[in-house]
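**Student:** Provide a 3D model corresponding to the input given below.
(one chain, ligands or ions: 2)
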Amino acid sequence: MISAHGLARTFSTKTGPVAAVKGVDFEVAEGEIVGLLGPNGAGKTTTLRMLTTLLTPTSGTATVAGADLITQSREVRRRIGYVAQIGATPAPGTILGEELVTQARLQGMSKVEASARLVEMLPRLDLSGFEKRALSEMSGGQRRRFDIALGLMHNPKLVFLDEPTTGLDPQSRANLWDHIRALRDEHSVTIVLTTHYLEEADVLADRLLVMDGGAIVADDTPDALKARVCPATSSASASTATWRSPRPSPAKRCSRAPASSKAVDWCSPSNAATPPFLHCCAPSMPQGCRSARCRSTGRRSTTCS
Ligand SMILES: Nc1ncnc2c1ncn2[C@@H]1O[C@H](COP(=O)(O)OP(=O)(O)OP(=O)(O)O)[C@@H](O)[C@H]1O
Ligand SMILES: [Mg+2]
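**Tutor:** Numbers count the residues shown, from 1 in each chain. Ligands and ions are numbered 1, 2, ... in the order given. Reported below is the predicted structural model:
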């Protein structure tokens with residue numbers, strides 16, 4: 001779905017050139033959820049802005065959703081959805097429902113299709129009842145959910161989300177996670193998202209690209225990356241040893257709730273056949289207790305022997 005080679009962008013500023021992205025190479029497969037992580041200024045937004053045709057790369061090439069980024073930029077724009085880190089500033093008096101329908105119409109949907117899509121999208125993004133509300137009369141989190149709806153109205157097969165859940169309350173964040181998973185699981189949408197929330201990256205992403213100083217410094221699954229900072233050998237005793245489940249297959253996602261308390265020693269390697277749960281170091285847990293989280297639902301449970 002994405003194939004980037006040597007993608008770079010240097011900005012000219014009054015104080016000299018700023019090499020924001022220094023020639024990154026990566027691939028994203030169809031149906032993947034890829035998380036882009038990294039500190040402020042790492043180059044995440046610049047990378048997304050290049051891939052969405054909003055910024056011309058200084059050098060490098062990319063194919064995005066089957067179209068060449070440079071020579072077929074209109075086609076790229078038609079095929080993708082983009083939710084920017086900072087939402088657009090709407091004109092005074094802009095009404096939420098009207099703006100969403102206008103966006104869908106601009107993307108080529110008929111009036112009937114756009115209205116039907118609006119009815120579908122409002123509850124998904126917890127915006128039911130806001131259809132006739134002026135955007136200027138909505139809270140920051142409500143506006144953020146509107147931004148996300150705006151990027152998804154035309155049913156794109158590839159979606160870029162730049163810090164989509166920043167500013168959302170916990171319930172809205174969890175609902176958006178569900179929606180993002182459903183986009184992939186039910187509609188095969190490919191998603192690239194940036195986040196500063198490690199839990200969000202862990203729960204949602206199949207693969208993480210870690211950026212620092214304009215370069216990709218790691219490209220791996222969340223489990224593999226955690227294994228680097230959370231090695232089994234770092235714990236002193238068997239009771240605090242770390243064990244990680246293998247990554248669940250898509251079919252097994254969300255399939256099981258944890259077994260009853262005391263029934264399972266979560267850290268036992270013999271539980272390697274219990275795939276829906278993800279385990280990691282929990283140094284603050286009392287002796288004999290284990291924390292487990294279902295990767296797909298984000299539900300966490302603690303068991304103590
Ligand atoms: N329009 C611009 N002009 C000059 N420099 C820029 C411009 N946009 C970004 N930069 C610089 O490029 C670098 C990368 O910025 P970018 O916005 O891509 O970082 P980021 O990883 O998205 O950070 P954050 O987590 O804070 O959103 C930073 O050093 C930033 O100051
Ligand atoms: Mg950014």
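
**Student:** what residues does stretch 80-96 touch?
**Tutor:** 45, 48, 52, 54, 64-65, 99, 127, 130-136, 138, 143-144, 146-148, 150-152, 154, 156-164, 166, 194 (CB atoms under 8 Å, 6 or more residues apart in numbering). Any C-beta I mention is one placed from the backbone N, CA and C, and that applies to glycine too.

**Student:** what about the residue in the stretch 1-150 of the chain that ligand 2 sits nearest to, neighbour count?
**Tutor:** As assessed by CB to the ion, ligand 2 sits closest to residue 45 within the stretch 1-150 of the chain, at 3.1 Å. Here the number of neighbours of residue 45 (other CB atoms under 10 Å) works out to 20.

**Student:** and the contacts of stretch 80-96, which are buried?
**Tutor:** 45, 48, 52, 64-65, 99, 127, 130, 135, 138, 143-144, 146-148, 150-152, 154, 156-164, 166, 194 (16 or more other CB atoms under 10 Å).

**Student:** among these, which are in reach of ligand 1?
**Tutor:** residue 45 (CB under 6 Å from any ligand atom).

**Student:** taking the buried ones among the contacts of stretch 80-96 one by one, which sit in strands?
**Tutor:** Under the assignment DSSP state E, the buried ones among the contacts of stretch 80-96 contribute 64, 158-162, 194 to strands.

**Student:** So in this protein, which helix runs the longest?
**Tutor:** helix 170-187 (DSSP state H).

**Student:** hang on, the earlier thing: surely the residue of the stretch 1-150 of the chain closest to ligand 2 is in contact with residue 194?
**Tutor:** Yes - if you go by CB atoms under 8 Å, residue 45 and residue 194 touch, sitting 7.0 Å apart.

**Student:** Please enumerate the shared neighbours of these two.
**Tutor:** 85, 162.

**Student:** just to revisit the earlier point, same question for the longest helix of the chain, mean pLDDT?
**Tutor:** Averaging pLDDT along helix 170-187 yields 87.

**Student:** now swap in stretch 97-111 and tell me
**Tutor:** Rounded mean pLDDT across stretch 97-111 is 94.

**Student:** re earlier: which elements pack onto the longest helix of the chain?
**Tutor:** strand 33-37, helix 140-152, strand 190-194, helix 198-204 (3 or more CB pairs under 8 Å, 6 or more residues apart in numbering; DSSP states H and E).

**Student:** Try it again at 10 Å.
**Tutor:** The criterion is 3 or more CB pairs under 10 Å, 6 or more residues apart in numbering; DSSP states H and E, and the helices and strands that helix 170-187 contacts are strand 33-37, helix 111-124, helix 140-152, strand 158-162, strand 190-194, helix 198-204.

**Student:** Quick one: those as TSV, columns for distance to residue 225 too.
**Tutor:** As requested, these are exported to TSV (distance: least, CB to CB, whole Å):
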stretch	distance to residue 225
strand 33-37	9
helix 111-124	30
helix 140-152	26
strand 158-162	20
strand 190-194	16
helix 198-204	9
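
**Student:** near ligand 1, which residues of the stretch 1-150 of the chain show up?
**Tutor:** 11, 13, 18, 20, 38, 40-46, 85.

**Student:** Lovely, talk soon.
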